[in-house]
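Q: let's see this in three dimensions:
(chains A and B)
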Number of protein chains: 2
Amino acid sequence: MNYREILKEIKPSKSERETVHKIAKEAIDYINKKSEKENIDVEAILVGSVAKDTWLSGKADIDIFINFPLEKSEDYLKEKGLYLGYECSKHLNGTAEKKYASHPYIISHINNYDVDFVPCYKIDNANQLKSAVDRTLLHTQYMEKHLTENQKDEVLLLKKFMSEIGTYGSEFKVGGFAGYLCEILILKYDNFENTMQKVSKWKNNTKIDLESYGTSKFFKDPLIAIDPIDKNRNVAASLKREKMAEFVIASRNFLNSDNKKRNEYFHEFKKKIDLNYLISQFRDRKTKIITIKFNIPNVPVDSLHPQLRKTQVSLEEKLENNDFSVFKSDYWTDEDEIAIFIFELNVYKQSKYRIHEGPKIWGEEASSNFLASHKDTSYILGDTLVLNKKREFETAKEFIKFVFTCEHIHIIKVGKNLKETIINSYELNDIKELLNNDNYLNDEANISYFNDFLKFLDDFLNPGQLLKR
Amino acid sequence: MNYREILKEIKPSKSERETVHKIAKEAIDYINKKSEKENIDVEAILVGSVAKDTWLSGKADIDIFINFPLEKSEDYLKEKGLYLGYECSKHLNGTAEKKYASHPYIISHINNYDVDFVPCYKIDNANQLKSAVDRTLLHTQYMEKHLTENQKDEVLLLKKFMSEIGTYGSEFKVGGFAGYLCEILILKYDNFENTMQKVSKWKNNTKIDLESYGTSKFFKDPLIAIDPIDKNRNVAASLKREKMAEFVIASRNFLNSDNKKRNEYFHEFKKKIDLNYLISQFRDRKTKIITIKFNIPNVPVDSLHPQLRKTQVSLEEKLENNDFSVFKSDYWTDEDEIAIFIFELNVYKQSKYRIHEGPKIWGEEASSNFLASHKDTSYILGDTLVLNKKREFETAKEFIKFVFTCEHIHIIKVGKNLKETIINSYELNDIKELLNNDNYLNDEANISYFNDFLKFLDDFLNPGQLLKR
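A: From the prediction side, this is the model:
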């Protein structure tokens, strides 16, 4: 397997590196000078994959952390940090936008690169942590110290492999492996190919503890990777069991492939998706598809995704409770204006009554109360009093319409920022109506969203396509 | 409550008693003379409710037992017993028919009365029992000895009450209270009204042990009534939990009624059943009704009913296993030519695929075998390999048609005598088709069967109607 060839494609060229580092240096210099002039006690530092030299060509995120002394207040840090970020962005002709993670930061688009300005505290070790972002500096320092030049290349191979099989990224939407976790794997297993070997034999609750802290026994997650700079943290805490499983299966598939096939794992899985074929696949399944499209609130994507998932999962559960058997459900969002729930049902329509169990007949008081309340409808099954209770909902649609009202939305667990927008904007359609007639999705301006939605549907119908080549 | 008035209706008149006892005496005298003449060592004896004076007016079953010495062989007993029965029937201008219970007997229609001639062994106590019918003589003797004249009237009231609420009769079809069990209840509780009081407070596993044998702890049935002439037998062994529960509920309803209402419990619950209203009730339930009509084999009804129930219950179970949710099922038979299963389904149609679970991904061998067998269809859910498996049956009808073939009938537990007749003669219809178009049911010659079937359907739709007035 010729990894050199792949590295040629994925490793940033000399000129890309120069461009990226030039932007970073200009930004850092500007902030450090500006702050000195205005008597703000900070130091701007380059962190993350650019600092560590582990970014994939074309995917540079320039992370500049603005370090404040520990004794400064959070308000001060926020005010001055965002101010310096804005000023720097202006100075470099960027377009700035305020974002929220665990605390606020500035993202600026400068010369086609994304530059993040993140205010944080300057700490020397994990005991001084004030927020999650403070850790990033320590992570950067650790990897700068421990990754060899060769290993940096191996990190690139692993990140690229992860990207193409769909397990890269720790954000909620993916629930996969963070870049830092990839680096830890390479430190543990030395190179990409050995990583594949080892991962192919992973068991549930695999433990990785580079610094031998011995704290892995305190965690119950599928993968436990103790943070080398914080013994009480599992770097893989947000990794979904399913993403870990996908990575394991893909590693086995990779190892069982010849070199030509192996090479394909480092390139995009391309598939032409045909709208009519998608619709015919749904029709073939003889399920009933309900789509619920609604406007999304203006909240950070890190908050949006968990709220969407929670709502969709809860709605599925309640549909099942009402005897509408769900074959599969999922959600999609353009992260811009809309989200869509999709519920694929084995059973969409139900009979009018369900058997409701009352007390056993032996208890005289309980059973006479039950009989009194249900005079003409109760009867005996075995030694239990029962009645044919009218279902509240004969179709899944009736149930959804009932739930998505101010009075009844509490029936499901719904993301706190979604309540209003769902109630006020939701539209129910079957899949064909949605794909062919929806004004938003079929607007030419949203063609990239539409294509992304089609990809989502294709994966909904044919999950796990990315795991093999 | 004027029980005298009710007794006037249900207690055999002097002339009915005379007629019945005249027939019995003539039959017994004939058999005893005939056997003496032919050197057969037997004694004919009147047993059962006529002997005990506990039969309801118009419902006399004249039971004549032909007692053989214990040392005679079963073949001898059968040959000579049936011979004597036939001869006696001929002598009294009856029309005789051979029947099977635990062993064969003759039933003869004489002067509009049913007379049973049952060959049996003459025994003095339960230790000498050779077959179930031998016990009847001991039962008769016990009740003749213990029931007072007043208590015989109370037995009549209880039997009539049981009849009208649908809990009388220990045959499988009903699964209710045998006449002998009614007599035991009156011996225990002295009279009808006290029986109602006591029964209304019955608990599960109620124990009655008239002779204080102390053997009730060996039984687990809902009602345990130790046979006064056989300490190892529960007279209520074949009583269904549901029938016992119905009796308890009806006793409470009775006690809570005024005298006018109470009076109605001793008279037939009359209801005009309208065909179209029945059909509209089914339609209202928004279920799918499948009826399966088929010819019944020529077997005793005591054997037919359990076979029908077993088959229907097993078919329901398998329908559920295939995700066709059954709201209710039951069977009906005219005990002459046909039987009908009725399956009322919440879910009649299913989607094309179901999710089939394979191994967890962690076991490398098991999961690679699974993946190899299901190359293009398997995917990961959580950490489990699964695939969308095509259902064998998308409708309940498809499943039933598949099962009712020589090759596949073994899929269900089917009554041994039913296999052939079901496979060769079954017809599937919805309820409306069956009621309006079936040749057999709509034949004028079968109008009484048709009406009985309508009654069955009415009870199917509205169970427990008989328990209240």
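Q: let me know the secondary structure of the closest residue to chain B within the stretch 301-450 of chain A.
A: Proximity to chain B, evaluated over the stretch 301-450 of chain A using Cβ to the nearest Cβ, is greatest for A:Y379 at 3.8 Å. Using the backbone N, CA and C atoms, a C-beta is placed for each residue, glycine as well. Secondary structure assignment for A:Y379 (DSSP: H, G, I helix; E, B strand; the rest coil): strand.
Q: would you agree it is in contact with B:L461?
A: No. A:Y379 is beyond contact range of B:L461, at 10.6 Å (criterion: Cβ atoms under 8 Å).
Q: how is chain A divided into domains?
A: A:4-143, A:147-264, A:275-349+A:393-467, A:353-390 (automatic domain parsing).
Q: check those for me and report the most buried one.
A: Greatest average neighbour count among these goes to domain A:147-264 (a mean of 19), per mean count of other Cβ atoms under 10 Å in any protein chain shown.
Q: and the gap between A:F393 and B:N321?
A: Distance, A:F393 to B:N321, by Cβ to Cβ, to the nearest Å: 26 Å.
Q: mind checking pLDDT for A:D124?
A: We note a pLDDT of 83 for A:D124 in this prediction.
Q: hang on, I meant A:Q128
A: For A:Q128, pLDDT reads 84.
Q: for it, which non-adjacent residue is spatially closest?
A: With sequence-adjacent residues excluded and distances taken as Cβ to Cβ, 6 or more residues apart in numbering or on different chains, A:Q128 is closest to A:L70, at 6.4 Å.
Q: my read: the one you found touches A:N125, true?
A: No. Counting by Cβ under 8 Å, A:L70 sits too far from A:N125 to count as a contact (11.9 Å).
Q: and the stretch 301-450 of chain A, which residues reach chain B?
A: A:323, A:325, A:327, A:345-347, A:350-355, A:360-362, A:364, A:367-368, A:371, A:378-383, A:394 (Cβ under 8 Å from any Cβ of the partner chain).
Q: dump the helix or strand hosting A:D452 to PDB, keeping only the CA atoms.
A: Element membership for A:D452, per DSSP states H and E: helix A:447-461. The C-alpha trace of helix A:447-461 is given here as PDB (Å, rounded to 0.1, in the frame of the first residue of the first chain):
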ATOM      1  CA  ILE A 447     -29.900  23.200  -4.300                       C
ATOM      2  CA  SER A 448     -26.900  22.200  -2.100                       C
ATOM      3  CA  TYR A 449     -29.200  21.600   0.800                       C
ATOM      4  CA  PHE A 450     -31.500  19.600  -1.400                       C
ATOM      5  CA  ASN A 451     -28.600  17.500  -2.500                       C
ATOM      6  CA  ASP A 452     -27.500  17.000   1.100                       C
ATOM      7  CA  PHE A 453     -31.000  16.000   2.000                       C
ATOM      8  CA  LEU A 454     -31.000  13.400  -0.800                       C
ATOM      9  CA  LYS A 455     -27.700  12.000   0.500                       C
ATOM     10  CA  PHE A 456     -29.300  11.800   3.900                       C
ATOM     11  CA  LEU A 457     -32.300   9.900   2.500                       C
ATOM     12  CA  ASP A 458     -30.000   7.600   0.600                       C
ATOM     13  CA  ASP A 459     -28.100   6.800   3.800                       C
ATOM     14  CA  PHE A 460     -31.400   6.400   5.600                       C
ATOM     15  CA  LEU A 461     -32.400   3.700   3.000                       C
END
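Q: please compute how far it lies from its chain's middle.
A: Here helix A:447-461 is found 17 Å from its chain centre; the criterion is Cα atoms, centre = their mean, to the nearest Å.
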